[in-house]
Structure formats: structure tokens, C-alpha cells
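A.B. asks: Here's my sequence, what's the structure:
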Amino acid sequence: MKILYILGAGGFGHVIKDMAEQSGKYKSIQFLDDNSNEAVGKISEVNTYNTSDACFFVALGNNETRLCLINKLLAINCDVVSLIHPTAYVSPTVKLGIGCCVLPMAVVNTDSIIKDGCIINCGAVVDHNCIVNEGVHVCMNAVIKANNEIASLTKIEACCVVERG
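C.D. replies: This next block holds a predicted model:
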């Protein structure tokens, strides 16, 4: 079991911490954040925490910042994980990138590709044969119908429907 370091101790960071605790996969879960008393260190000190028993998740809502930090972590050989809530459905044919999260009750259907740094939020649906490019946030209860490609860094707002094709 590894120590999970969550970059960002805000609301989204706490959602990720809760999800990670429920998984039972980590021996410890800690925050790195520049502005939180809950954090064990600052984001800029991440290299100090990059040991063989550490893994990382970037829990920042800003798509561009999140993706940038994921790329910085990868550049210094950090183990960046993706998290899937047990109530989410992710087809075994899905290709899920690094640093993604699929939150409770979300669905990612057959043959879809979710690239690095994406958030598939609570109740969101990504139907079959979709490509969700880097750093996308599919907000709560949003639906991406089949055979769509979503541009990098896009935010699909809550309850929006992206029509097929």
C-alpha cells in the first residue's frame, strides 16, 4: 500500500480524499497545498514526497492548472494515479488516462477514450466511442452522447447534453 498525496486541499481535494479512503487502497492520504493548514507540505515541495511508496493525484478544478501539474509530476517520475468510485461504471474496453477520476454514479461506456487529467463527475455519462481529450471536466449529470470528441481543457457544465456526433 502506498501513501496518496493529493495536490489541492479544497473542496475537490476533500471529495478525492473521501473516495480514496473508501477504496481502502492507501496506507495514508495526505494533502499538499500552498494555502491549507491541513497540508503536510506545499505543492512546490512535491519532489520531497516523491518516494517509492508514494503516489499522487492532482485535485484542482482549473483544467489548465490541473493538466500542467500532472505533466510536471510525470516529468519528475511521480506515480500519478487515476481513481474510479466503486459505484461508477467504466467499461473494460475504455482507455483511461493518467490522473483521471470517475466519481460516484458516473458512466463511461464501451470503447471510449478518456485522456489524461479528466474529471468525470457525479452522475455524468460518456456514451460509447467518445474521445474526451486532456484536462476535460464533465460536470455533474452532463451527458456526452455517442461518437463525440471533446476538445482539450473543455468544461461541460452540469446537466448539459452534447448531442451525438
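A.B. asks: What's the per-residue pLDDT of Gly165 here?
C.D. replies: The model reports Gly165 with a pLDDT of 73.
A.B. asks: how far away is it from Val132?
C.D. replies: Relative to Val132, Gly165 is positioned 15 Å away (CB to CB, to the nearest Å). Where C-beta positions appear, they are placed from N, C-alpha and C, glycine not excepted.
A.B. asks: the more surrounded of these two?
C.D. replies: Of the pair Gly165 and Val132, Val132 is the one with more neighbours under other CB atoms under 10 Å, namely 28 against 8.
A.B. asks: Now stretch 135-152: buried residues?
C.D. replies: Across stretch 135-152, burial judged by 16 or more other CB atoms under 10 Å covers 135-139, 141-144, 146, 148, 150, 152.
A.B. asks: One more: stretch 26-33?
C.D. replies: In terms of neighbour count (16+ other CB under 10 Å), stretch 26-33 has its buried residues at Tyr26, Ile29, Gln30, Phe31, Leu32, Asp33.
A.B. asks: and that stretch, what's its mean pLDDT?
C.D. replies: In this model, stretch 26-33 carries a mean pLDDT of 98.
A.B. asks: going forward can the numbers begin at 48, since that is how I track them
C.D. replies: I'll keep to 48 as the first residue from here, and by that count the last item is stretch 73-80.
A.B. asks: Contacts for that stretch, please.
C.D. replies: 48-57, 60, 64, 67-68, 85-90, 92-93, 96, 100, 102 (CB atoms under 8 Å, 6 or more residues apart in numbering).
A.B. asks: Quick one: classify the closest residue to Gly212 other than its chain neighbours as helix, strand or coil.
C.D. replies: Leaving aside its sequence neighbours, Gly212 sits nearest to Asn194 (CB to CB, 6 or more residues apart in numbering; 5.1 Å). When classified by DSSP: H, G, I helix; E, B strand; the rest coil, Asn194 comes out as coil.
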